[in-house]
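J.: Predicted model follows, preceded by the sequence.
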Amino acid sequence: MQNNVNPSFRDAVATEDWERALISGNGRQGVLCYGSPAALRFTLAHEDLFQPVTEPLPAPHTAPALPRLRELLAADRFRDAAREVCDLAVREHPGYAETRWIDPLIGAGTLTFTPDRTGDGYLRGTDFTTGVVRQEWAGVTVDAFVSRAADVLVVLVTGTGGTVTAAPIDGEPEQPIEYTLDRSGDDLVLTGRFGGPHWAGALDGWTLAVRVRRTEEGILIVARTVTGTRTPADALAELPEGGFGDLLEEHTAVHRDLFGRVELDLGGHRAQQLFDAGRYAIISSTGTRPPTLQGVWSGTWSPPWRSGWTIDGNLQAALLAVHPTGTPELMPPLFDLLDELRDDFRENARRLYGLPGLFAPAHLGTHGRQNHFGPIWCLTFWTAGAAWLARLYLEHWQHTGDLVFLRERALPFLREAAEFHLHFATISGGRARFSPSYSPENDPGGSGAQASVDATLDVQAVAALLRGLLTATEVLGLDDPDALRWRQLLAALPQMRVNDAGELAEWVDPRFPDNHEHRHCSHLYPFYYGGDPAFDEDQALHTAAVRAVRARLRWWLSEASDEMGYGLALLGVAAAHLGLAEEAYAALTRISEAYWRPSLVPTHNRDHMFNVDLAGALPALVVAMLLRSRDVGADGVAKIDLLPALPKAWPTGSVHGLIARGPVTVDLTWSPTQLSATLTSPTDRTLRLGLPSGRTDTVTMSAGRPHHVVDARS
């Protein structure tokens, strides 16, 4: 089995920088593979290994001050409103005197293999189809993967002898850690114990067990990280037996199935390689938890933004291609996480605003309490978090058709998310207002004051949530007692604003000028998903959205921008949804050129900060250029457009295994003159199919029976 490793790419980069390492992972554990023939390094991490650094506090009790905050915002005293929250928080608990972060995701340790034979000709590469990282030189081959079946790192060294050592990752932890290293022959057990004060639920430490066997195959290294401490004997005894070939075969059966769900051929265009690399990273970093900012990899004690889950766009971007590329089983880890944090979300809503329902903070980690905010980054004003997360529940149902999931998991979350907004929104003169409000991380007109009212995202996310609730209850045949309230709030939502430049405005309130020189584009939220009927019904609004995309893209394509590649990908997805092929392609090109390292792992900024958000967002952008689908309503009619934003750079190509909302499986092959497509639905349904020629077909589909279509391309 070892000889069947076929790297998807190769390079000759020998590095001591973990951020430029090759990656393998099973979602629960990850390994960074790097080094040189002088010494190879394998830095391990675990999805639950967050060092307790900052004790979680209850969200500040600002509910009694809500009338005062609204008065300040109405009087244009935006900075004062944000400062008022901070002052109240400090008076309640001195711990709020400084910015509080979630706990950091840290590395578990580094294994170093020092070979007896060095040499020239070092090459490395990753096989995306199996998850095997290969490093080789002068007759020496070192293969490594993290098994999905056995939950261990497996390394096989052939062509040389050598020694294996284990040590903590480099650098100094933020809080003291006590280490022990036990050795039994070649076997190693590294134990880390967290010092300092602990609080309920805080992790006490971790154990990294390493077995080394010298066999006829070569040197076989098997390692596993577990959270909590074990005795060395128990930790080693828990490691699986078996040779490299058997362990790889068991793992590959699972990994290859996930990765092979979609096949893209763009004639060797770089986007094809990055599409595969991105999907590989997200599959490899989704375990019982969704991917963090760094996936399931860490070689530092202090990762940027603590490498938890940031939900004002980052996590959504990382998961954006999961459904359309046919891997829905990667989504329940998110829903499981949200279940665990639900009580914190409820307490946030109660303490911050005195309301029922859910308030999800922008940063999630070992807890879901709203602890991170400040006088500029006034994140207690960002109330759209739970509504945006609710959209992911709807996406799962739309792409799977799973009614049990809709009834038992999605609907309860949606109801609670809506309950908050039913009480939070104020209605005057038949118009709903959202005050306070916050458009993720942007400040109107570049003023430096991020506090606001009536962010467009609030209107869009709440509208999508309420429409989703009404559709879900109708599909399930439920007569929900809250349906009238949902309809009343939906009817009261304000119209989205078009600014003086004819662009879709980021704030409904006209006091706030747009700031296009910014990494987020939250007011384009509907176009990340199934769209919004308002843009189909109002051509002027559609035109305004197009202009907003182009205005934001001009900044992104300038030399002034150097931030958050996933934000550019989301902008590209919006462009593709709106049919802007060359704009979407321009976004893709800038991403491809500036945000991927030779390791084929993306970065947050241009060649800066190991980060996997873009690993999910770039495949989603490619998909959006090839396939557009709208939400399926209670009538079950699927609405699909083929090649909605195909750029000139891809005159020929094919893709197999895409999933449109419905669900409907879509296979496409195209040339400069013709499109051929095969569509399959698991249920009987009507399909409205938009084709590149401009033709629209209405198709009656039978369950499991492929529908073939050919369309001429001009």
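T.: Sure thing, it's come through.

J.: Do you know the pLDDT at Arg597?
T.: Looking at Arg597, its pLDDT reads 96.

J.: which residue packs closest to it, ignoring adjacent ones?
T.: Nearest residue to Arg597, sequence neighbours excluded (CB to CB, 6 or more residues apart in numbering): Arg20, at 5.8 Å. C-beta coordinates here come from the backbone N, C-alpha and C atoms, glycine included.

J.: likewise Ile221?
T.: With sequence-adjacent residues excluded and distances taken as CB to CB, 6+ apart, Ile221 is closest to Val155, at 4.0 Å.

J.: Strands of the stretch 101-250 of the chain, residue ranges please.
T.: Read by DSSP state E, counting those that start in this stretch, the stretch 101-250 of the chain holds these strands, from start to end of the chain: 105-115, 123-127, 132-137, 140-146, 153-158, 162-167, 177-184, 187-194, 205-214, 219-227.

J.: Can you lay out those as CSV showing mean neighbour count?
T.: Converted to CSV, these look like this (neighbours: other CB atoms under 10 Å):
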stretch, mean neighbour count
strand 105-115, 23
strand 123-127, 22
strand 132-137, 24
strand 140-146, 25
strand 153-158, 24
strand 162-167, 17
strand 177-184, 13
strand 187-194, 21
strand 205-214, 22
strand 219-227, 23
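
J.: Can you tell me which of those is nearest to Ala492?
T.: Using CB to CB as the criterion, the shortest distance between Ala492 and the strands of the stretch 101-250 of the chain is 41.7 Å, found for strand 105-115.

J.: export the closest one as CSV, just CAs?
T.: As requested, C-alpha coordinates have been extracted for strand 105-115 and formatted as CSV (Å, rounded to 0.1, in the frame of the first residue of the first chain):
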residue,chain,number,x,y,z
LEU,A,105,-5.6,26.0,20.6
ILE,A,106,-2.0,24.8,21.2
GLY,A,107,0.3,22.1,19.8
ALA,A,108,0.6,18.9,21.7
GLY,A,109,4.2,18.3,21.0
THR,A,110,6.8,17.6,18.3
LEU,A,111,8.3,14.3,17.3
THR,A,112,11.7,14.6,15.7
PHE,A,113,13.1,11.8,13.6
THR,A,114,16.9,12.1,13.1
PRO,A,115,17.9,9.7,10.2
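
J.: That one - what's its average pLDDT?
T.: Confidence over strand 105-115, taken as the mean pLDDT, stands at 98.

J.: do stretch 693-708 as well
T.: Averaged over stretch 693-708, pLDDT sits at 97.

J.: again, but for stretch 431-440
T.: For stretch 431-440, the mean confidence score works out to 98.

J.: My read is that Phe373 contacts Thr380, right?
T.: Yes: under the contact definition of CB atoms under 8 Å, Phe373 touches Thr380, with a separation of 4.9 Å.

J.: okay, and the common contacts of those two?
T.: Each of Val85 lies in contact with both Phe373 and Thr380 under the rule CB atoms under 8 Å, 6 or more residues apart in numbering.

J.: Those two: which has the busier surroundings?
T.: Under the neighbour definition other CB atoms under 10 Å, Phe373 and Thr380 were set side by side, and Thr380 has more, 30 against 26.

J.: Contact partners for the more buried one?
T.: With contacts taken as CB under 8 Å, 6+ apart, Thr380 has the following neighbours: Ala59, Pro60, Thr62, Val85, Leu352, Gln370, Phe373, Pro436.

J.: For it, what are phi and psi?
T.: When quoted as degrees, to the nearest 10, the phi and psi of Thr380 stand at phi -70, psi -10.

J.: any idea how far Ala108 is from it?
T.: When CB to CB, to the nearest Å is applied, the distance between Thr380 and Ala108 equals 34 Å.

J.: try Ser302
T.: Plainly put, Ser302 is 16 Å away from Ala108 if you go by CB to CB.

J.: what do you get for Val709?
T.: Val709 sits at a distance of 51 Å from Ala108 (criterion: CB to CB).

J.: just the helices in the stretch 551-700 of the chain please.
T.: In order along the chain, the stretch 551-700 of the chain carries the following helices (DSSP state H, counting those that start in this stretch): 565-577, 581-594, 613-626.

J.: Out of those helices, which is closest to Asp182?
T.: helix 613-626 (36.4 Å).

J.: Quick one: list the elements packing against that closest one.
T.: Contacts of helix 613-626 with other secondary structure elements, assessed using 3 or more CB pairs under 8 Å, 6 or more residues apart in numbering; DSSP states H and E, are made with helix 270-284, helix 314-318, helix 565-577, helix 581-594, strand 603-605, strand 653-660.

J.: Could you rerun that using 7 Å?
T.: helix 270-284, helix 314-318, helix 565-577, helix 581-594 (3 or more CB pairs under 7 Å, 6 or more residues apart in numbering; DSSP states H and E).

J.: between that helix and strand 653-660, how big is the angle?
T.: In terms of direction (axes from the mean of the first three to the mean of the last three CA atoms, to 10 degrees), helix 613-626 departs from strand 653-660 by 100 degrees.

J.: Helix 613-626 relative to helix 565-577, how many degrees between them?
T.: For helix 613-626 against helix 565-577, the angle by the same axes, to 10 degrees is 10 degrees.

J.: any idea of the mean pLDDT in helix 613-626?
T.: 98.

J.: which residues touch it?
T.: Helix 613-626 is touched from outside by 271, 274-275, 278-279, 281-282, 293, 314, 317-321, 324-325, 565-566, 569-570, 572-573, 576-577, 581, 584, 587-588, 591, 595, 602, 643, 645-647, 655, 658, 668, with contacts defined as CB atoms under 7 Å, 6 or more residues apart in numbering.

J.: Try it again at 6 Å.
T.: The list of residues contacting helix 613-626 from outside it, by CB atoms under 6 Å, 6 or more residues apart in numbering, reads 271, 274-275, 278-279, 281-282, 314, 317-321, 324, 565-566, 569, 572-573, 576, 584, 588, 591, 595, 602, 645, 655.

J.: Read off the pLDDT value for the residue nearest to Ile221.
T.: Per-residue pLDDT puts Val155 at 98.
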